Structures are given as C-alpha cells and as structure tokens.
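S.K.: The sequence and its predicted three-dimensional model are supplied below.
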Amino acid sequence: MKHFALRAIGFYTIAAICALTITGLVNLMLYWFFTVAELQEFGSMLLFKIGLAITETALAVYCVSQISEDTLYYEGEYDEEAPTELTDEKAT
C-alpha cells in the first residue's frame, strides 16, 4: 500500500502539471486567435470564460482518470496473450 500511495502522489502531481501546461497553451493559442481575428470582446465575455473553464476542467479530469486507470491500477491483465481460436473454414 505504501508504494501505491507514492505512485499515486507522483502520478497526480505530474498529471496536474501536464494538464495545466496543456490548458495554458490552449488558452494562449485561443486568445492569440481572438487577437488576430479582432474578436477580443468575445474572449472577454464572462459566459465564454465560464464555458471554457468548465470544458477544459472536464476534459482534463476525464483524460487523467482514463490514464490513471491503466497506470495506477494495472494488474497485469495485458501480459497474458489471449488464446487464439483456430477454426477450419470449409470451402464451399
């Protein structure tokens, strides 16, 4: 259990750093696009900021949860090869 706690702390720390970096880059590019397209007023709307924050948070949480499922709770289920069924097909 001790190793799991250390792995979880390390994983979620790295995941938080990656999520913040990716969302920061997305925000930078999005607001750069608004500046180039002269849509600064659209980017400053409160409803847009709330929607963007909710969308980015939901995507970050979903991605981290999907990755942590395989990273933290890996129990070797992918190590064994599935038995292959061999069937003889008869030519008609």
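M.R.: Noted; the coordinates are in hand.

S.K.: Specify the next element, helix or strand, located C-terminal of the longest helix along the chain.
M.R.: Using DSSP state H, we find that the single longest helix of the chain is helix 2-36. Downstream of helix 2-36, the first helix or strand assigned by DSSP states H and E is helix 40-43.

S.K.: Tell me where the model's unsure across this protein.
M.R.: Scanning the chain for pLDDT under 70 picks out the ranges 1-2, 74-92.

S.K.: now the host helix or strand of residue 70 against helix 2-36, angle please.
M.R.: Here residue 70, judged by DSSP H and E, is contained in helix 46-72. Per axes from the mean of the first three to the mean of the last three C-alpha atoms, to 10 degrees, the angle that helix 46-72 makes with helix 2-36 is 150 degrees.

S.K.: for helix 46-72, which positions count as buried?
M.R.: For helix 46-72, burial by neighbour count (16 or more other C-beta atoms under 10 Å) applies to 56, 60, 64. For the C-beta atoms, the positions are set from N, CA and C on the backbone; glycine is no exception.

S.K.: My guess is the first one contacts residue 23. True?
M.R.: So the one you mean is residue 56. Yes: counting by C-beta atoms under 8 Å, residue 56 touches residue 23, with 4.7 Å between them.

S.K.: what about residue 39, how many neighbours?
M.R.: When counting by other C-beta atoms under 10 Å, one arrives at 12 neighbours for residue 39.

S.K.: what's near enough to touch it?
M.R.: residue 33 (C-beta atoms under 8 Å, 6 or more residues apart in numbering).
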